[in-house]
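Asks: give me the fold of what follows.
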Amino acid sequence: MPIVKTITGVGHRVVNAVWRIGIAARFFALTLTHSGSGFRRFGLIKKELFSTGVMSLIIIIVAGLFVGMVLGLQGYETLKRFGSESALGVMVALGLVRELGPVVAALLFASRAGSAMTAEIGLMKATEQISAMELMAVNPIARIVAPRFWAGVISMPLLAAMFSAAGIFGGYFVGVVQIGVDEGSFWSQMQAAVDFRHDIMNGVLKSFVFGVVVTVIALFEGYDAPPTAEGVSGATTRTVVTSSLAILMLDFVLTAMMFGGSE
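Replies: Below is the predicted model:
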């Protein structure tokens, strides 16, 4: 019967999703357990920091610059209706530090670094390099996964800060240099309105959580990928899609927790 087949199919997908969440949680726990050996070999983490963080700087800075320029244009047109053009710096800074900086930087990080992690580990599994490590009594979680995990967790808040800084400069360039907003008002009101604890630190916390989630998803999908070309490509796609949805969902949850009851 079609209805029975539909219910069976939905139930199978739900059970499979719950099973994968449990396996991913166990994978995350193993990664934390074996992180000590990764820190003892800090050169591995430093190498991964270069590939995940430094190699993502260009796209982060360029994207942040243009996002800030768009915020400057849109914000000026909106604030001009209320005669509050001098508050442009506040709007640009708060929009970037609280929301756009962590979220957009995390989406770019998932698309660039997360997909690269998944593809790299998936190819290592397809070419049996991980099996070879296990035969040589080398723990692949400690040797491959843990350094990449901590590199992603460390680099994500730094990339979000670079994104916000580039965005503020873009808003300054459009608002002050091109349009003619008073420079003193732009910077002074921004400094007076942006609070270190409630705005900057909350943005850093968001980017840290996004870094953990995106990196775990990317590493798990690569480690769990079927050892075929089609399996690796599917795992890479799932990394980007799942990470993007998780970032947007967590952004709402974290924003509600941080700012929902602050007034």
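Asks: quick one: the lowest-mean-pLDDT helix or strand in the chain to chain centroid distance?
Replies: Of all helical and strand segments in the chain, the minimum by mean pLDDT, DSSP states H and E falls on helix 35-40, at a mean of 74. Here the centre of helix 35-40 is set off from its chain's centre by 23 Å, with Cα atoms, centre = their mean, to the nearest Å.
Asks: and that helix, what does it pack onto?
Replies: helix 42-52, helix 146-172 (3 or more Cβ pairs under 8 Å, 6 or more residues apart in numbering; DSSP states H and E). Every residue, glycine included, has its C-beta placed from N, CA and C.
Asks: contacts only, for the residue nearest to Asp199 when sequence neighbours are not counted.
Replies: Leaving aside its chain neighbours, Asp199 sits nearest to Val97 (5.2 Å; criterion: Cβ to Cβ, 6 or more residues apart in numbering). The neighbours of Val97, taking Cβ atoms under 8 Å, 6 or more residues apart in numbering as the test, are 164, 194, 199-200, 203.
Asks: I'd like those as CSV, with distance to Ser111 appended.
Replies: As requested, these are exported to CSV (distance: Cβ to Cβ, whole Å):
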residue, distance to Ser111
Ser164, 19
Val194, 28
Asp199, 26
Ile200, 25
Gly203, 20
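Asks: quick one, which of those residues are buried?
Replies: For the contacts of Val97, a burial check counting by 16 or more other Cβ atoms under 10 Å picks out 164, 194, 199-200, 203.
Asks: now Phe50: how far from Ala113?
Replies: Per Cβ to Cβ, to the nearest Å, Phe50 is found 11 Å from Ala113.
Asks: of the two, who's got more company?
Replies: Using other Cβ atoms under 10 Å as the criterion, Phe50 and Ala113 rank with Ala113 on top: 27 against 11.
Asks: sticking with the residue most central in space within the chain, tell me its helix or strand.
Replies: In the chain, the C-alpha nearest the mean C-alpha coordinate belongs to Ala106, at 2.3 Å (Cα atoms, centre = their mean). Ala106 belongs to helix 101-109 when assigned by DSSP states H and E.
Asks: thinking again about what came up before, right, and the residue nearest to the centre of the chain touches Phe208 too?
Replies: No. Counting by Cβ atoms under 8 Å, Ala106 does not reach Phe208; the two are 10.3 Å apart.
Asks: got the angle for the helix or strand harbouring Thr242 vs helix 101-109?
Replies: Element membership of Thr242, judged by DSSP H and E, is helix 229-259. Calculated by axes from the mean of the first three to the mean of the last three Cα atoms, to 10 degrees, helix 229-259 forms an angle of 180 degrees with helix 101-109.
Asks: list phi and psi for Met136.
Replies: Main-chain torsions, Met136, degrees, to the nearest 10: phi -90, psi 10.
Asks: re the thing from before, what do Ala106 and Phe208 both touch?
Replies: Common neighbours of Ala106 and Phe208 (Cβ under 8 Å, 6+ apart) are Met156.
Asks: related to what we said a few turns ago, gap between the residue nearest to Asp199 and Val62?
Replies: 19 Å.
Asks: ok, Leu94 - how many residues close by?
Replies: With other Cβ under 10 Å as criterion, Leu94 counts 17.
Asks: for Tyr76, see how far away it is.
Replies: 15 Å.
Asks: tell me the spacing between Gly36 and Ala116.
Replies: 25 Å.
Asks: more neighbours: these two, which one.
Replies: Comparing Gly36 with Ala116 by other Cβ under 10 Å, the one with more neighbours is Ala116, at 19 against 10.
Asks: contact partners for the more buried one?
Replies: By Cβ under 8 Å, 6+ apart, the contact set of Ala116 is 51-52.
Asks: can you read off the pLDDT for it?
Replies: Reading off the confidence values, Ala116 has pLDDT 91.
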